[in-house]
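> quick one: sequence plus predicted model below, questions after.
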Amino acid sequence: METIKPQENQNIFDLSLQEYGSIEKVFDILEDNDKFNITEDVSVYQDLKIGREAFKKDIVEYYNSRNLKPATALTEEEEFLLDNFSGIDYMIIEDDFIIY
């Protein structure tokens, strides 16, 4: 079983996609790393055990050949903006507030 180091802003679903080619294998990662749960943030300082065969090898090869590391978790700045600057006060008509 090998280990990987998560990158900044990666969540458990990103890692499942990167290593196994599908988010369906997220539970295998959780099982192999019993200290994690599905709602917990992944730390860049903790290595994760990865040791199962890829579910969709073509997707894994795509990410590896292009050196892509999916990272879809929200940053602190994005969370702040979503919490404090959202709603009708910040919408622009015909841009994100569409009237039919």
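Thanks, I have it.
> got the CA positions of the helix or strand of the chain with the lowest mean pLDDT in PDB?
Of all helical and strand segments in the chain, the minimum by mean pLDDT, DSSP states H and E falls on helix 76-84, at a mean of 84. The C-alpha trace of helix 76-84 is given here as PDB (Å, rounded to 0.1, in the frame of the first residue of the first chain):
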ATOM      1  CA  GLU A  76     -11.400  30.500   3.300                       C
ATOM      2  CA  GLU A  77     -11.700  33.500   1.100                       C
ATOM      3  CA  GLU A  78     -14.400  31.900  -1.000                       C
ATOM      4  CA  GLU A  79     -16.300  30.800   2.100                       C
ATOM      5  CA  PHE A  80     -16.200  34.400   3.400                       C
ATOM      6  CA  LEU A  81     -17.500  35.800   0.200                       C
ATOM      7  CA  LEU A  82     -20.300  33.300   0.000                       C
ATOM      8  CA  ASP A  83     -21.300  33.900   3.600                       C
ATOM      9  CA  ASN A  84     -21.100  37.700   3.500                       C
END
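> how far is it from where the chain is centred?
Its chain's C-alpha centre and that of helix 76-84 lie 18 Å apart, by Cα atoms, centre = their mean, to the nearest Å.
> what packs against it?
With contacts taken as 3 or more Cβ pairs under 8 Å, 6 or more residues apart in numbering; DSSP states H and E, helix 76-84 sits against no other helix or strand. For the C-beta atoms, the positions are set from N, CA and C on the backbone; glycine is no exception.
> which residues does that helix contact?
Outside helix 76-84, the residues that touch it by Cβ atoms under 8 Å, 6 or more residues apart in numbering are Leu74.
> if we go to 6 Å?
By Cβ atoms under 6 Å, 6 or more residues apart in numbering, no surrounding residue is in contact with helix 76-84.
> in that helix, what counts as buried?
Within helix 76-84, no residue qualifies as buried by neighbour count (16 or more other Cβ atoms under 10 Å).
> where do the helices sit along this protein?
12-20, 26-32, 57-65, 76-84 (DSSP state H).
> spatially nearest residue to Glu2 (excluding sequence neighbours)?
Spatial nearest neighbour of Glu2, excluding adjacent residues (Cβ to Cβ, 6 or more residues apart in numbering): Ile50 at 5.7 Å.
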